[in-house]
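Participant: next come a sequence and a model predicted from it.
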Protein chains: 2
Amino acid sequence: MTKRRTKDDWTAVALEALAEGGVAAVAVEPLAARIGATKGSAYWHFPNREALLKATLERWEREHTEAVIELVEARATPMEKLRTLFAYVLEDPASSAIELAMLAAKDDPAVAPVLNRVTERRIAYLEDLFVGLGFAAGAAHHRAVLAYSVYLGQAQLLIATPHVVLGRRALLEDTIAAVVGRG
Amino acid sequence: MTKRRTKDDWTAVALEALAEGGVAAVAVEPLAARIGATKGSAYWHFPNREALLKATLERWEREHTEAVIELVEARATPMEKLRTLFAYVLEDPASSAIELAMLAAKDDPAVAPVLNRVTERRIAYLEDLFVGLGFAAGAAHHRAVLAYSVYLGQAQLLIATPHVVLGRRALLEDTIAAVVGRG
DNA sequence: GAGCCTCCGTACGGCACCGTATGGAATGTG
DNA sequence: CACATTCCATACGGTGCCGTACGGAGGCTC
């Protein structure tokens, strides 16, 4: 009656560990303890630790990245979409933990390609949003980089040193105004 | 005639390693190899690895943080100060590597206090800058958080995925306009 | 229920790093 | 030039993780 595990079971606990402790926490033996199994299972489903990490990151890319875009796309106007995006980080910064973990491990061969794809896609998406707001191509790109920088930076601040951020509700308004406003 | 080392020699190589490989790279044995000595030296100067890391972070805090503020303070007006700050990241993102390494290791007991102090000091400094630009206290705080988020986020982007950032010179102008502009 | 295939536990060797013990070299001090 | 002090190399045991080898248990098929 011993439970059996699937690849998905392993990537699920790996995602937990990834969010909590970063890429280094995706380690076979600690994960085995967490899942209530031994390494034997892990090394049956995956050839090595790198493959497990890769599968985990790709699962995150598939599920999470698109989930955010869908959440945002549910809004009607570009403005509302932007607001949804920033409100998302401000209200639940923990959900960004994995992206920050990936940024911190940008040199890892399993991380780099996923990180590049996700970043490019998001910048491109934001760029479209700003074009929709009436910005010219070049300006839209800069706004996109700016907006994504704010997104990342706020996620960092809220996770690492949340106590320095006061009045999140009003901050959201100021942030949006600053990012979409005509200088 | 074998060279002798000081605490400062050790924290110097530790700073290098910290910038290159993050907090995890501040490890006694690799550092000993890098410095051309053995662990014996390290464990004479420091009781353990944690103490070496702590001394390294505090050295960075002392030297680097104040250095940036002095660089910025050399400018006359708040506007020029802000410009200098953002130009600094955009032109030399590698100099921010250590701060990002600390953010990634926010839970490390040696990192947390330094990270908190540095973040608080910088936000407070930016807040003063925005008060100098005529913002009310609350608004100045939000601008400070916004500006610091942009700083961190751009540093992240430029280090992790530099290819997505185009036209840095024009980006600088757009960034400043967005951060100081009235919504 | 015999045999097969899937899955996993156990046991092992290896590597990288931590920290300790200790003798001795290098350097300062009388 | 004794001789104490400062500094460091060597050698060792301990821990946590990687990856492999292998046997065996659980479920499937006939």
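Facilitator: Nice, I can see it. Residues are numbered from 1 along each chain as shown, chains lettered A, B, ... in the order given.
Participant: who touches the lowest-mean-pLDDT helix or strand in chain A?
Facilitator: In chain A, the helix or strand scored least confidently by mean pLDDT, DSSP states H and E is helix A:66-73, which has a mean of 86. Helix A:66-73 is contacted from outside by A:81, A:84-85, A:88, A:125, using C-beta atoms under 8 Å, 6 or more residues apart in numbering or on different chains. C-beta: built from backbone N, CA, C; applies to glycine.
Participant: do the same with stretch A:170-180
Facilitator: Taking C-beta under 8 Å, 6+ apart as the rule, stretch A:170-180 contacts A:79, A:82-83, A:86-87, A:90, A:130, A:133, A:143, A:146-147, A:150, A:154, A:165, B:138-139, B:142-143, B:145-146, B:178-179, B:181, B:183.
Participant: put the alpha carbons of it into PDB.
Facilitator: C-alpha atoms of stretch A:170-180 as PDB (Å, rounded to 0.1, in the frame of the first residue of the first chain):
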ATOM      1  CA  ALA A 170      -2.300  54.700  -2.600                       C
ATOM      2  CA  LEU A 171       1.000  53.400  -3.800                       C
ATOM      3  CA  LEU A 172      -0.800  51.500  -6.500                       C
ATOM      4  CA  GLU A 173      -2.500  54.600  -7.800                       C
ATOM      5  CA  ASP A 174       0.800  56.600  -7.800                       C
ATOM      6  CA  THR A 175       2.500  53.700  -9.500                       C
ATOM      7  CA  ILE A 176       0.000  53.500 -12.300                       C
ATOM      8  CA  ALA A 177      -0.100  57.200 -12.800                       C
ATOM      9  CA  ALA A 178       3.700  57.400 -13.000                       C
ATOM     10  CA  VAL A 179       4.000  54.500 -15.500                       C
ATOM     11  CA  VAL A 180       1.300  55.600 -17.900                       C
END
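Participant: state the mean pLDDT of it.
Facilitator: Mean pLDDT, computed over stretch A:170-180, is 95.
Participant: cool, and stretch A:79-95?
Facilitator: 92.
Participant: how about that stretch, does it reach chain B?
Facilitator: No - under the criterion of C-beta under 8 Å from any C-beta of the partner chain, chain B is not reached by stretch A:79-95; the shortest gap measures 9.7 Å.
Participant: what residue ranges in chain A score low on pLDDT?
Facilitator: A:1-2, A:183 (pLDDT under 70).
Participant: returning to what we had before: distance between the least confident helix or strand of chain A and the chain's centre?
Facilitator: Distance of helix A:66-73 from the chain centroid (C-alpha atoms, centre = their mean, to the nearest Å) equals 12 Å.
Participant: and the helices in chain A?
Facilitator: A:7-21, A:28-35, A:39-45, A:49-60, A:66-73, A:78-91, A:97-104, A:111-132, A:137-160, A:168-180 (DSSP state H).
Participant: JSON lines please, covering those and showing mean neighbour count and distance to residue B:27.
Facilitator: Formatted as JSON lines, these follow (neighbours: other C-beta atoms under 10 Å in any protein chain shown; distance: least, C-beta to C-beta, whole Å):
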{"stretch": "helix A:7-21", "mean neighbour count": "18", "distance to residue B:27": "17"}
{"stretch": "helix A:28-35", "mean neighbour count": "16", "distance to residue B:27": "19"}
{"stretch": "helix A:39-45", "mean neighbour count": "15", "distance to residue B:27": "25"}
{"stretch": "helix A:49-60", "mean neighbour count": "20", "distance to residue B:27": "19"}
{"stretch": "helix A:66-73", "mean neighbour count": "14", "distance to residue B:27": "36"}
{"stretch": "helix A:78-91", "mean neighbour count": "18", "distance to residue B:27": "33"}
{"stretch": "helix A:97-104", "mean neighbour count": "22", "distance to residue B:27": "17"}
{"stretch": "helix A:111-132", "mean neighbour count": "18", "distance to residue B:27": "21"}
{"stretch": "helix A:137-160", "mean neighbour count": "23", "distance to residue B:27": "22"}
{"stretch": "helix A:168-180", "mean neighbour count": "19", "distance to residue B:27": "38"}
